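>>> Here you go, sequence then predicted model.
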Amino acid sequence: MVLLRSVCVLLVCISLSVKIYADNKKMRIRLKPAHLKEENLKSLLEKRHSQRNFQQTSLNLDDLATLVWATCGKKFDALTSATRTIPSAGATNPLELFIVVGKNSVEGLEEGVYHYLIEEHSLELVVEGDRRLRLSRACLGQDFIEKAPVSLIISADFRRTTNRYGARGRQYVYMEAGHACQNTYLVATSLGLGTVEVGAFVNEEVKSALDLDENYCPLSVMPVGYTK
Ligand SMILES: Cc1cc2nc3c(=O)[nH]c(=O)nc-3n(C[C@H](O)[C@H](O)[C@H](O)COP(=O)(O)O)c2cc1C
């Protein structure tokens with residue numbers, strides 16, 4: 001009976017094709033590959049604007065997968081053997097991406113804070129519950145953050161880069177975060193979504209809103225959604 005129930009649960013998971021359980025504690029969601037359409041770069045650059053007027057409309061999980069991949073995902077380039085969508089000083093790859101997902105904000109995803117597992121192109125649920133209000137307060141009360149269905153929080157472990165480059169490494173990490181932000185802007189635009197880079201926040205409050213590991217420093221908050 002127990003075996004039969006386990007098989008049934010497994011079949012349901014496979015049919016949904018999103019939820020896998022790596023261990024008993026943390027839920028992982030395997031994402032589909034990014035689905036970017038061919039687009040004229042000039043028109044994307046022309047269309048990009050900071051957007052702050054978000055609708056409550058939920059996002060599609062495949063669009064979120066495309067966004068997180070574009071922000072700092074893994075790729076394979078046979079010519080240069082570069083492995084990320086963004087350049088990284090000495091390929092030290094200091095960035096880590098977290099996603100705050102609101103209630104009923106992404107089809108097929110519970111509200112919570114997710115960590116984007118770059119190597120696996122998966123999301124790992126690290127905190128349950130809707131943390132948008134806390135995030136918005138940590139960003140000096142910029143209330144469009146509470147309304148946006150999701151926010152990407154580009155964060156870094158500075159040690160990965162400063163261990164190699166010393167104090168200069170800090171500058172490299174900020175440069176890398178800028179690359180990630182611009183990718184988010186352009187790909188959100190391509191998907192018909194809006195975003196804005198938010199740099200005005202209290203680091204410790206963002207860390208607390210997300211229950212971030214003490215070695216991760218938030219660098220940019222990017223609320224994303226359909227705009228009015
Ligand atoms: C480093 C940085 C920090 C920013 N911080 C904020 C912010 O905290 N809140 C906000 O509403 N916009 C923020 N912005 C967005 C700018 O206000 C916006 O890019 C600027 O007004 C130009 O508009 P555009 O992006 O539509 O061209 C930030 C932009 C950058 C590059």
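Nice, I can see it.
>>> three-state assignment of Glu205?
Put simply, Glu205 is helix when judged by DSSP: H, G, I helix; E, B strand; the rest coil.
>>> what pLDDT does it get?
Note on Glu205: pLDDT of 98.
>>> What is the burial count for it?
16 (other Cβ atoms under 10 Å). Using the backbone N, CA and C atoms, a C-beta is placed for each residue, glycine as well.
>>> got the contact list for it?
Shown in contact with Glu205 (Cβ atoms under 8 Å, 6 or more residues apart in numbering): 134, 137-138.
>>> out of these, who's nearest Glu128?
Nearest to Glu128 out of these is Arg134 (Cβ to Cβ; 13.3 Å).
>>> Surely the closest one is in contact with Val202?
No: when contacts are counted by Cβ atoms under 8 Å, Arg134 is not listed as touching Val202 (11.4 Å).
>>> Who has more neighbours out of those two?
Neighbours per residue (other Cβ under 10 Å) separate Arg134 from Val202, with Arg134 holding more: 19 against 14.
>>> Quick check: chain neighbours aside, which residue is closest to that one?
Closest residue to Arg134 apart from its sequence neighbours, by Cβ to Cβ, 6 or more residues apart in numbering: Ala209 at 3.8 Å.
>>> need the contact list for the one you found.
100, 131, 134-135, 137-138.
>>> for Gly73, same thing?
34, 84-85, 116, 118, 121.
>>> Only the C-alpha atoms, please, for the lengthiest strand in the chain, written as PDB.
In the chain, assigned by DSSP state E, the strand with the most residues is strand 217-225. What follows is strand 217-225, C-alpha atoms only, in PDB (Å, rounded to 0.1, in the frame of the first residue of the first chain):
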ATOM      1  CA  CYS A 217      25.200  40.800   0.000                       C
ATOM      2  CA  PRO A 218      22.200  42.100  -1.900                       C
ATOM      3  CA  LEU A 219      23.200  44.400  -4.700                       C
ATOM      4  CA  SER A 220      20.100  45.000  -6.700                       C
ATOM      5  CA  VAL A 221      16.400  44.400  -6.300                       C
ATOM      6  CA  MET A 222      14.400  44.100  -9.600                       C
ATOM      7  CA  PRO A 223      10.600  43.900  -9.200                       C
ATOM      8  CA  VAL A 224       9.100  42.300 -12.300                       C
ATOM      9  CA  GLY A 225       5.500  42.200 -13.700                       C
END
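>>> Mind checking if it is in reach of the ligand?
No: Strand 217-225 does not reach the ligand (Cβ under 6 Å from any ligand atom); its nearest approach is 7.1 Å.
>>> Relative to the whole chain's centre, how far out is that strand?
8 Å (Cα atoms, centre = their mean, to the nearest Å).
>>> same thing with stretch 100-109?
The answer for stretch 100-109 is 13 Å, by Cα atoms, centre = their mean.
>>> pLDDT (mean, whole number) over it?
Mean predicted confidence for stretch 100-109 is 97.
>>> Kindly report the same for stretch 175-184.
98.
>>> just stretch 158-166 next, same as before
Here the average pLDDT along stretch 158-166 is 98.
>>> Check which residues of that stretch are buried.
158, 160-162 (16 or more other Cβ atoms under 10 Å).
>>> Cool, thanks, talk later.
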